[in-house]
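Colleague: Give me the fold of what follows.
(chains A and B)
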Amino acid sequence: MEAESCMTMPTETGISIPHFCELLASIDTVAHPTDGAEFLVSEPPAKSAIPIKVLSKARAGVKNSAIAVMFHGAVNQETRKLPVFYGDQVAKRYGETVTTIAIADPSLRLHKSLLSTWYAGDHEISTQSILRNLFASLDEVFNPSRLLFLGGSTGAHPALYHSREFKNGLCLLANPLPSISNYYEKSVQAYLSHCWPNKVSSDVIGRQVQDNIGTLYAESHHNTVIVLQNSTDPHMCGQVLPFVKNLRDHRKSLFVSEYFENCIGHNYPSDRWMHWVSAAINSAEVDTMAIAKIAAELRMATANNGNNKDRKPTFSTRDIQIADQIANQLN
Amino acid sequence: MPSNKNPYENLPESSFWRPAVANKHFDDFEDIAAPLDISISNSVATAGSCFAQHIGKALLARGARYIDLEPAPGNLSSTEAKAHGFGIYSCRYGNIYTARQLRQLIQEAYGDFTPVELVWERGGRYFDAMRPSVDPVGHRSPDIILQAREKHLAKVRELLGSVDVFVFTLGLTETWELKADGTVFPVCPGTIAGEFSDDKYQFRNLNYQETIEDMKVFNSYLQKANSAAKLLLTVSPVPLTATASGKHVLEATMYSKSTLRAVAGDLAAICSNVRYFPSYELITSHPMRGTFFNPDLRTVNMHGVNYVMKHFFSSISGGTNSIPAEQQASDNAIICDEEKLDAHASDRRQGLRTRLGY
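Modeller: Predicted structure coming up:
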């Protein structure tokens, strides 16, 4: 069926995880990420639901195709309307071969001032638990060749948390913030007061919700993790380095910190990010070295194109086609 | 009865450096731009130097009635469209760096000026010398250039006749002109196309008198075409890439920007339909400590653009700095609005500095 026909859904507590998997299986194609089907998924006893959007569905012929799960980072609700679904570019480029699922953090709904709630849940919904069950079901029902978890900044927290148990899981992160309690105190306080009213921090952080993902990775992880880091990110020392020291298996983890001349701070250049996403999708194996090699080749190919343009800024066939089209429209 | 209060006693806080600037972090500056009698419902057009591109994009994203009279053919991707000069300004005129270039364009559009040299050649293809960057590979024949230019000029006339607010960003005073008739070009001949010759072309650094005269001429055409139209001037904060003046590029930049800033301010004082918006001050003034520039100390970073837009939209009627969800850029590699975090940081000033990486 077409993606659009899935838009009808319960509005209160949402559909169940098995029902979501059924509906996802029944989607043939998503013509464009903006046309993707939106769902509200929940489990009892939650009083709320998680907004999920299917941005792309892999072609039927692609057997055991990969599933990419996308998490957003901090959301300024003064300029963005909820729910926020991140991943259009990935879906546009790789949607034919990868099923792309964007997850919106439901807890942001509780107050307009909230920027990050880490997909950690609130007094009405146990987001971490529901997502854990959702991803287990997706893996079981669709048996994907790989489960990609993509997230930047605070979106890296759920990506790391939920990918950890999957042997076919590949977690690709940019400037991750894997600890809630090490974040800006006022942001954490805002999360507690709006999402867990009448509870104290010690009852929530680290108890009701998983706090520092690094402690889990220090124990073990079955997934593969690639951490992409802007070396000028101010969170480098407080968040990133304490986390990556837990990544001891070098076959299953890679930490890449770079300086970007025109991208300073808690940002990551979009073209470089897409090189890594492309490599993560196209690599024959979930192997950090193989993925890094492809990402490096893509970067060099882009750089060479730029250099060639500088040396010989002559006339690509496509540009000439466009020029001719413009000229033809004059008549 | 004559007042014995001194003239400074009743002035607002914004008139005094210490409370308005020195005692505040720049993120808390208020009322820098005087309220503009412009509404979000007005139709808006943009033109000017590179920085004007940010203004057009921001206006469009925030739901303003942004005019685009020469849209890209539907089959072009956004990257292709931009590379071919579409969607950058309200017409496909490319960057208009100098007031002289703007004057020429409008006089040409109304048949009062005909450049002697309109077509440049490179590698067997032909380029519009008045806007060589909009066709990156040129066209097959000079005739196509002339035909396209006619259509373009018609659109420029249409624009002037229909726009409520024409936003122009003054960028440079330095230019290259054809000795034969004084035609100025947006780029030095021989860079994108054409061939440089000392005999044919000469460097020109337009001074205050020339620049304000050019702007007055443009404004008279605008008012004739559309008596209700307003002209909103800004000055690009982007320094010169290079100067041909023989001066150090820093000194040349300061001359150029000072001249343009003075012209913009004086024109707003003289002409009832002209307004000035201080984006130049918001980016380059020393209280901002260079924060809003990229490491090249030339191009403006996204924080700077957002900062200017925040002040711009707070100065117009019905303005909102929020971007409707459907208009949000879909090409964010990573959605992260961490710029808001300083509202939560315990020390706002420290938070902002940390965020910006110093």
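Colleague: May I ask which helix or strand of chain A has the lowest mean pLDDT?
Modeller: helix A:288-311 (a mean of 74; mean pLDDT, DSSP states H and E).
Colleague: could you say what helices and strands the helix or strand following it packs with?
Modeller: Toward the C-terminal end, the helix or strand that comes next after helix A:288-311 (DSSP states H and E) is helix A:317-328. On a contact count with 3 or more C-beta pairs under 8 Å, 6 or more residues apart in numbering or on different chains; DSSP states H and E, helix A:317-328 meets helix B:78-83, helix B:142-162. Glycine gets a C-beta too; all of them are placed from N, C-alpha and C.
Colleague: Lowest mean pLDDT across these, which one is that?
Modeller: Ranked by mean pLDDT, the helices and strands packed on helix A:317-328 bottom out at helix B:78-83, which scores a mean of 86.
Colleague: List the buried residues in that one.
Modeller: For helix B:78-83, the neighbour count (16 or more other C-beta atoms under 10 Å in any protein chain shown) marks B:Glu80, B:Ala81, B:Ala83 as buried.
Colleague: mind showing which ranges of the stretch 201-350 of chain B have poor pLDDT?
Modeller: Scanning the stretch 201-350 of chain B for pLDDT under 70 picks out the ranges B:318-350.
Colleague: 90 instead, please
Modeller: B:241-244, B:294-303, B:305-306, B:309-310, B:312-350 (pLDDT under 90).
Colleague: Which stretches in it count as helices?
Modeller: Ranges of helices within the stretch 201-350 of chain B are B:208-225, B:249-270, B:279-284, B:302-315, B:348-355, based on DSSP state H, counting those that start in this stretch.
Colleague: Counting by contacts, list what the shortest one packs against.
Modeller: Put plainly, it is helix B:279-284. strand B:230-235, helix B:249-270, helix B:302-315.
Colleague: Quick one: closest of these to chain A.
Modeller: helix B:302-315 (8.4 Å; C-beta to the nearest C-beta).
Colleague: For the closest one, buried residues please.
Modeller: For helix B:302-315, by 16+ other C-beta under 10 Å, it's B:His303, B:Gly304, B:Val305, B:Tyr307, B:Val308, B:Met309, B:His311, B:Phe312, B:Phe313, B:Ser315.
Colleague: Quick one: those as a markdown table, columns for distance to A:Leu160 too.
Modeller: Below are those laid out as a markdown table (distance: C-beta to C-beta, whole Å):
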| residue | distance to A:Leu160 |
| --- | --- |
| B:His303 | 28 |
| B:Gly304 | 33 |
| B:Val305 | 32 |
| B:Tyr307 | 33 |
| B:Val308 | 37 |
| B:Met309 | 34 |
| B:His311 | 39 |
| B:Phe312 | 40 |
| B:Phe313 | 38 |
| B:Ser315 | 44 |
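Colleague: so which of the helices and strands packed on helix A:317-328 is the most packed in?
Modeller: helix B:142-162 (a mean of 17; mean count of other C-beta atoms under 10 Å in any protein chain shown).
Colleague: what's the angle from the helix or strand sitting right after that one along the chain to strand B:230-235?
Modeller: The first helix or strand that comes after helix B:142-162 along the chain, using DSSP H and E, is strand B:165-170. Relative orientation of strand B:165-170 versus strand B:230-235 (axes from the mean of the first three to the mean of the last three C-alpha atoms, to 10 degrees): 20 degrees.
Colleague: Now do strand B:165-170: distance to the chain's middle.
Modeller: Centre-to-centre, strand B:165-170 and its host chain are 6 Å apart (C-alpha atoms, centre = their mean, to the nearest Å).
Colleague: For the following helix or strand past it, list the C-alpha coordinates in CSV.
Modeller: The element immediately downstream of strand B:165-170 (helix or strand, assigned by DSSP H and E) is strand B:174-178. Taking C-alpha atoms only, strand B:174-178 is exported to CSV below (Å, rounded to 0.1, in the frame of the first residue of the first chain):
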residue,chain,number,x,y,z
GLU,B,174,35.8,49.3,-5.4
THR,B,175,34.9,48.3,-9.0
TRP,B,176,36.2,47.9,-12.5
GLU,B,177,34.9,50.0,-15.3
LEU,B,178,35.1,50.2,-19.0
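Colleague: hmm, who's touching the helix or strand that comes right after strand B:174-178?
Modeller: Moving toward the C-terminus from strand B:174-178, the next helix or strand (DSSP H and E) is strand B:184-185. The set of residues external to strand B:184-185 that reach it, using C-beta atoms under 8 Å, 6 or more residues apart in numbering or on different chains, is B:Thr98, B:Arg100, B:Gln101, B:Gln104, B:Ala129, B:Met130, B:Pro132, B:Thr175, B:Trp176, B:Glu177, B:Leu178, B:Arg204.
Colleague: do that again at 6 Å, thanks
Modeller: By C-beta atoms under 6 Å, 6 or more residues apart in numbering or on different chains, the residues outside strand B:184-185 that reach it are B:Arg100, B:Gln101, B:Ala129, B:Thr175, B:Trp176, B:Glu177.
Colleague: tally of neighbours for the fifth one?
Modeller: Yep, that's B:Trp176 we're talking about. 20 (other C-beta atoms under 10 Å in any protein chain shown).
Colleague: pretty sure it is in contact with B:Cys188, am I right?
Modeller: Yes. With contact defined as C-beta atoms under 6 Å, B:Trp176 counts as touching B:Cys188 (4.7 Å).
Colleague: per-residue confidence averaged over stretch A:166-175?
Modeller: On average, stretch A:166-175 scores 96.
Colleague: anything in that stretch near chain B?
Modeller: Yes. Using C-beta under 6 Å from any C-beta of the partner chain, we find that stretch A:166-175 touches chain B at A:Ala174.
Colleague: got the contact list for that stretch?
Modeller: With C-beta under 6 Å, 6+ apart, stretch A:166-175 has contacts from A:146-150, A:152-153, A:156, A:159-160, A:163, A:222-228, A:230, A:233, A:266, A:268, A:273, A:280, A:286, B:334.
Colleague: and those residues, which of them are in strands?
Modeller: Members of the contacts of stretch A:166-175 lying in strands (criterion: DSSP state E): A:Leu147, A:Leu148, A:Phe149, A:Leu150, A:Gly152, A:Thr224, A:Val225, A:Ile226, A:Val227, A:Leu228, A:Asn230.
Colleague: So which of the residues you listed would count as near chain B as well?
Modeller: Okay, of the ones in strands among the contacts of stretch A:166-175 touching chain B (C-beta under 6 Å from any C-beta), that's A:Gly152.
Colleague: Report the separation between B:Tyr8 and B:Phe16.
Modeller: 8 Å (C-beta to C-beta, to the nearest Å).
Colleague: Switch the ones in strands among the contacts of stretch A:166-175 over to CSV; also include neighbour count and pLDDT.
Modeller: Output for these, formatted as CSV (neighbours: other C-beta atoms under 10 Å in any protein chain shown; pLDDT from 0 to 100):
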residue, neighbour count, pLDDT
A:Leu147, 23, 96
A:Leu148, 26, 97
A:Phe149, 28, 97
A:Leu150, 27, 97
A:Gly152, 29, 94
A:Thr224, 25, 97
A:Val225, 28, 97
A:Ile226, 22, 97
A:Val227, 22, 97
A:Leu228, 24, 97
A:Asn230, 24, 94
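Colleague: what's the closest of the ones in strands among the contacts of stretch A:166-175 to B:Pro73?
Modeller: The closest of the ones in strands among the contacts of stretch A:166-175 to B:Pro73 turns out to be A:Leu150 (C-beta to C-beta; 33.5 Å).
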